[in-house]
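1. pasting the sequence and the predicted model now:
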Amino acid sequence: MSIFERLAACGCGHPDCYFCWVQKQTYTTTAVPKKYEDQTDNLELYDILFKVSLASGVSIEDIKGKSRYVNDVIARQMYCYYAKIKWEFKKARKEEIIGKLINRDRTTVIHSCENVEDKLSSIVKDKKYMAIALKLGIVNEKGLTG
C-alpha cells in the first residue's frame, strides 16, 4: 500500500499536482494517465518526497522550488540523500532521475548527498539534519546510522 492511499492529497488543485491527481484516481500503474506515463517508474520517489516533506515540515512545493531558506535547503538535501539510500533503482542515471523530480541536476544531488553524509557523520552533528534523519529512520536515538 502506498503512502498516497493512506494520506490525503495536498489539495492545491493545480492541474499538474501529482498528489491531487492521486486522490481522484485508483492507485495502480495501469491507471496512470498519459501525462504521467514517463513517471510510472518514479512512483517510489514521490513516496520518498512525501515522507521527507512530512518529516521536515516543509511543503513539497518548497522542496521542489528555488527557495534558499535553511529549512527548505535541508529538506531538499535530505530528500536527495534519503532517495539515494532507499530507492531501489539498479540502472545508471539514478542521481539524474532523483534530481529531475525536484528540478535539479545530478551534480546538485551528489553534492547534497555528500553534505548530508558530512553533517550526520561529523563529531558535532547538525541538530536540524539529525531531527529529520531520526524521523525518517536513517539514524537512531544514539546517532548511529540504522
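-> Here it is on my side, so go on.
2. let me see the mean pLDDT of whichever helix or strand K51 is part of.
-> If you go by DSSP states H and E, K51 is part of helix 43-56. Averaged across helix 43-56, pLDDT comes to 89.
3. for the helix or strand that it is followed by, name the packing helices and strands.
-> Stepping forward along the backbone from helix 43-56, the first helix or strand reached (DSSP H and E) is helix 60-64. With contacts taken as 3 or more Cβ pairs under 8 Å, 6 or more residues apart in numbering; DSSP states H and E, helix 60-64 sits against helix 43-56, helix 70-86. Yep, even glycine has a C-beta here, placed from its N, CA and C like the rest.
4. for helix 60-64, give the mean pLDDT please.
-> Mean per-residue pLDDT for helix 60-64: 93.
5. list the contacts of the nearest residue to V139 once chain neighbours are set aside.
-> Spatially, and ignoring its direct neighbours in sequence, V139 is nearest to A133 (4.7 Å; Cβ to Cβ, 6 or more residues apart in numbering). The neighbourhood of A133, defined by Cβ atoms under 8 Å, 6 or more residues apart in numbering, consists of M78, V116, L120, V139.
6. just these now: which is nearest D47?
-> When these are ranked by distance to D47 (Cβ to Cβ), M78 comes first, at 14.5 Å.
7. check which helix or strand the closest residue to the closest one other than its chain neighbours maps to.
-> Among residues not flanking M78 along the chain, I132 sits closest, at 4.9 Å (Cβ to Cβ, 6+ apart). I132 belongs to helix 127-136 when elements are defined using DSSP H and E.
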